[in-house]
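> task: produce atomic coordinates for the following.
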Amino acid sequence: LRNLLNAAKMMLKHRSKPFTGASRTVAPRHTQYVSSRPRLTPVVSAVANKSEADLLPILREAGTRKTVQPEQVEAALAELEKVAGPQSSAANNPIDGRWRLVFSTATKIRAFQYIPVIEDLAVELDARRIALESVVGPFQFQIKGSISSWQPAFGALDFQFNQVYILLGGNKIWEVRPTTKPKTYTWYYVRGDLAAARSSAGGLSLLIKGL
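Numbers count the residues shown, from 1 in each chain. Sure thing, here's the model as predicted:
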């Protein structure tokens, strides 16, 4: 059991990386980010300068079937951020609910950019609660925290994790209340069950609701 617990802790540390990084002051959406877009290749060129209507089918296929090459998904997310403009569509589309984190550029290892485990981000704006929940075999990882600010015009969600739980077979086997830095998750695109966001660490993420 001790070996399993140590392995679970290492997995928890690795999977929480999309939300790690130094905190930053949220800039208005007109601030231009330096994109981490891959170098221009035929795969990336296929999405360059595309419209929202062209990008969405690519991202939806990536989110539901995971058949799009990671390099192209990253480029499509970066292109969508550019197309989205200074105002986030989150202002008119709710982010409340449970979102499946499908893809993240928090790691540069292409094989792991499609998140290989079940990982959900649960957002409760009214209750000012947020949770990152993962399932790896018999283990459940729950990283919970509080929301300090939501700026829908910019899609900026400020929060801080302060509770970590590991469950095995539904039974809690480990918990800690760490001291963490505040984070910001900027939802620059939200339409129905598809969302795209940038973490304060700089990574881009694709989220699908209802999976």
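> all helices in the chain, in order from the N-terminus.
For the chain, helices defined by DSSP state H occupy the ranges 2-15, 42-45, 52-65, 70-84.
> can you say which of those is packed in most?
helix 70-84 (a mean of 22; mean count of other CB atoms under 10 Å). The way it works is simple: take the backbone N, C-alpha and C, and place the C-beta from them, glycine included.
> re earlier: of all the helices of the chain, which one is nearest residue 131?
helix 2-15 (13.2 Å; CB to CB).
> can you pull the contacts of the residue nearest the centre of the chain?
The residue lying closest to the centre of the chain (CA atoms, centre = their mean) is residue 205, at 4.2 Å. With contacts defined as CB atoms under 8 Å, 6 or more residues apart in numbering, residue 205 is in contact with 18, 77, 101, 103, 104, 105, 106, 196, 197, 198, 199.
> ok, what's across the strand from the closest residue to residue 176 other than its chain neighbours?
Excluding its sequence neighbours, the residue lying closest to residue 176 (CB to CB, 6 or more residues apart in numbering) is residue 164, at 5.0 Å. Judged by DSSP bridges, the bridge partners of residue 164 are residue 143, residue 176.
> confidence score at residue 164?
Note on residue 164: pLDDT of 97.
> surely it and residue 178 touch.
Yes. Counting by CB atoms under 8 Å, residue 164 touches residue 178, with 6.2 Å between them.
> with neighbour numbers in mind, choose between the two.
Neighbour tally, residue 164 and residue 178, criterion other CB atoms under 10 Å: the higher count belongs to residue 164, 21 against 9.
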